[in-house]
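# Build me a model:
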Amino acid sequence: MNQETPKLSIVVGTYDRLDQIRRCVESIQRETATPFVLFITDAGSTDGTVEYLESIRSDVIKPLLVGKLLGQAKAYNDAFALITTPYVCWLSDDNEVVNNGLDVAVDILEQDPRIGMVGLKTRDVQGPFVDAPYIGGISEIGILNVNQGMLRTPVLNEVACFSEAFRDYGIDPDLTAKVLFSGHDVVYTKPVSLHHYRNWSTDKSSPEYKKIKGKNDRARKLYAAKYSRLLRPSLIFRLKQAARQAIKKTKAAGAAPASKPVATSFSRDWSNILGGRYISLLDSVLCSGRKFHLRQRCPKRHLPGSLPDDPIL
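So this is what the prediction gives:
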């Protein structure tokens, strides 16, 4: 592990998932050459996680033993307040860093000052989406969703970190939109940076599934209410959406009965290009030879004078 002056702060939240957080920490240590400090905020685990975190406490790994559930937004924000490094990223405890993903993101930020946020491309390695080349993509209003990402610390402070009105769900796309509408570019890493060990219930009749769905539905309503008024009518965007829907229908019509179309990285990339506002149709050409793609930049004429307040539902 590099003991130089830290350049990157990493924040991870956990609660009663010892195996998950151990794998996450070990992957960060294994895959990251950039000098870092790791903050792990724990909400009161009773499964041995606290003891594990104490056993690895050091100048580099700093457990924050909160002892209660604050909600993800506040838990992360409290950790963000301690950061003094030029770059910061947030992960989930069910993530595993691969392909030197954090080093790649730091390099992207250092090479291009116009980029404010780098989405860490994530692939599910268990659960219902294992066939997808990567997860995440475009929100309902055409803005990139960055489920785990890295920012310049001044940019994070400029947009006031995570919105605590969202509490747990929807904090990531909200932060992405705030960065974009503050005039900073948002991109995705080209290589997969994280593996995701999804362990949510897929049984729609289960209490857990219904609880998660309810929280997600609330987050989507908050997000739409907050940002819809900022989006101006765009003929190009409407044409891109129409092309995206036509391609989807063509793929579905050509699929074998009782099967579903299998996405490739190429098709997923183009789905995001066509579904995203402010992403050039020439993205693959413009980003050729770079470590990032899906570059999203809001034109200056569309930038709001100030970011919208959180709505009350």
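# list the contacts for the spatially closest residue to residue 137 that is not a sequence neighbour?
Among residues not flanking residue 137 along the chain, residue 272 sits closest, at 4.9 Å (Cβ to Cβ, 6 or more residues apart in numbering). Glycine gets a C-beta too; all of them are placed from N, C-alpha and C. Listed by Cβ atoms under 8 Å, 6 or more residues apart in numbering, the contact set of residue 272 reads 137, 138, 144, 279, 294.
# which of those tops the neighbour count?
Counting neighbours by other Cβ atoms under 10 Å, the top entry in the contacts of residue 272 is residue 144, with 28 neighbours.
# That one and residue 119 touch, don't they?
Yes: here residue 144 reaches residue 119: they are 6.3 Å apart, a contact under Cβ atoms under 8 Å.
# Need the residues touching each of those two.
Counting by Cβ under 8 Å, 6+ apart, the residues touching both residue 144 and residue 119 are 136, 176, 186, 188, 294.
# Now, the residues you listed that are in strands?
Judged by DSSP state E, the subset of the shared contacts of residue 144 and residue 119 located in strands is 186, 188, 294.
# Output these in TSV, with distance to residue 171 appended to each entry.
What follows is those, written out as TSV (distance: Cβ to Cβ, whole Å):
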residue	distance to residue 171
186	15
188	18
294	20
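# Of those, just say which sits nearest to residue 38.
Distance to residue 38 across those (Cβ to Cβ) is lowest for residue 188, with 23.1 Å.
# burial of the closest one, as a residue count?
When neighbours are counted by other Cβ under 10 Å, residue 188 comes out with 28.
# ok, now which ones touch it?
118, 119, 121, 136, 144, 146, 292, 293, 294.
# What residues does residue 305 make contact with?
By Cβ under 8 Å, 6+ apart, residue 305 has no neighbours at all.
# pLDDT on the helix or strand containing residue 245, on average?
In the assignment (DSSP states H and E), residue 245 maps to helix 235-254. With pLDDT averaged residue by residue, helix 235-254 scores 80.
# Determine how far that helix lies from the middle of the whole chain.
25 Å (Cα atoms, centre = their mean, to the nearest Å).
# same for that helix, what does it pack against?
Under the contact criterion of 3 or more Cβ pairs under 8 Å, 6 or more residues apart in numbering; DSSP states H and E, helix 235-254 touches helix 265-275.
# Can you list the buried residues in the following helix or strand past the helix it packs on?
Once the chain leaves helix 265-275, the next helix or strand it forms, by DSSP H and E, is helix 283-286. Across helix 283-286, burial judged by 16 or more other Cβ atoms under 10 Å covers residue 283.
# try stretch 305-312
Along stretch 305-312, these residues count as buried under the neighbour rule (16+ other Cβ under 10 Å): residue 307.
# So what would you say the end-to-end distance of it is?
Taking Cα to Cα, to the nearest Å, the first and last residues of stretch 305-312 lie 21 Å apart.
# what's the closest of the ones in strands among the shared contacts of residue 144 and residue 119 to residue 218?
The shortest approach to residue 218 among these belongs to residue 186, at 24.0 Å (Cβ to Cβ).
# In the beta-sheet assignment, what are the partners of that closest one?
In this entry, residue 186 is beta-bridged to residue 117, residue 296, by DSSP bridges.
# Which residue comes closest to residue 88 once chain neighbours are left out?
residue 9 (4.6 Å).
# From the contacts of residue 272, pick the one nearest residue 110.
residue 294 (19.2 Å).
# For this structure, which element, helix or strand, carries the lowest mean pLDDT?
helix 235-254 (a mean of 80; mean pLDDT, DSSP states H and E).
# what does that helix rub up against?
142, 261, 267, 270, 271, 273, 274, 275, 276, 277, 281.
# closest to residue 106 among the contacts of residue 272?
residue 294 (18.4 Å).
# does the closest one really touch residue 274, like I thought?
No: contact between residue 294 and residue 274 fails when scored by Cβ under 8 Å: they sit 11.4 Å apart.
# in the helix or strand harbouring residue 108, what counts as buried?
Assigned by DSSP H and E, residue 108 belongs to helix 101-111. For helix 101-111, the neighbour count (16+ other Cβ under 10 Å) marks 101, 102, 103, 104, 105, 106, 107, 108, 109 as buried.
# Please tell me how far the fourth one sits from residue 180.
Remark: distance between residue 104 and residue 180 (Cβ to Cβ, to the nearest Å) = 21 Å.
# Check residue 216 too.
For residue 216, the distance to residue 180 - Cβ to Cβ - is 21 Å.
# Over to residue 139?
The spacing between residue 139 and residue 180, counted by Cβ to Cβ, is 11 Å.
# who's more crowded, those two?
Remark: of residue 139 and residue 180, residue 180 carries more neighbours, 25 against 21, as counted by other Cβ under 10 Å.
# I appreciate the help and will end here.
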